[in-house]
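> Predicted structure and sequence below. I'll ask about it afterward.
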Amino acid sequence: MKKHKFPFKLGMQYENWEFDLEPIPDKYKGRDSYKYIGKEQFYYYGIEVKEIELTFELDILVEVTYNLDILL
């Protein structure tokens, strides 16, 4: 199975992805949330990641949320 490393590491700067992000307004007070809209596809144990949300506090990445579409 092909492994894919996620480039999002906590503590990284907003500038690393600023052109691949779409703002999510007013999700958290004091933080900025963005939807990743880059062209690269990511997989988690062979399951495609449908959506990635990045949350920044003072332009530092503090939270990454991966949404998977799993059928059981």
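All right, it came through fine.
> Output the below-cut-off pLDDT ranges for this protein.
The model of the chain has pLDDT under 70 over residues 1-4, 72.
> That one: strands as residue ranges?
With strands called from DSSP state E, the chain shows them at 21-24, 32-36, 43-44, 47-57, 60-68.
> Quick check: can you name the pairing partners of the shortest one and their directions?
Within its sheet, strand 43-44 is paired with strand 47-57 (antiparallel), according to DSSP bridges.
> Go through the partner strand and flag the buried ones.
Using 16 or more other C-beta atoms under 10 Å as the test for burial, strand 47-57 gives 49, 52-56. Placement of C-beta: from N, CA and C, glycine included.
> Name the residues of stretch 33-45 that come out as buried.
Neighbour-count burial for stretch 33-45, counted by 16+ other C-beta under 10 Å, picks out 33-34, 36, 42.
> Can you lay out the strands of the chain as a markdown table showing distance to Leu10?
Shown next, in a markdown table, are the strands of the chain (distance: least, C-beta to C-beta, whole Å):
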| stretch | distance to Leu10 |
| --- | --- |
| strand 21-24 | 16 |
| strand 32-36 | 15 |
| strand 43-44 | 17 |
| strand 47-57 | 10 |
| strand 60-68 | 6 |
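> so which of those strands comes closest to Gln13?
With respect to Gln13, and counting by C-beta to C-beta, the nearest of the strands of the chain is strand 60-68 at 6.8 Å.
> Please write out the alpha-carbon positions of the closest one in CSV.
What follows is strand 60-68, C-alpha atoms only, in CSV (Å, rounded to 0.1, in the frame of the first residue of the first chain):
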residue,chain,number,x,y,z
ILE,A,60,0.9,29.3,13.4
LEU,A,61,-0.8,26.0,12.5
VAL,A,62,-2.5,24.7,15.7
GLU,A,63,-5.1,22.2,14.3
VAL,A,64,-5.5,20.0,11.3
THR,A,65,-8.8,18.2,10.6
TYR,A,66,-9.1,15.4,8.0
ASN,A,67,-12.5,14.4,6.8
LEU,A,68,-12.8,10.9,5.3
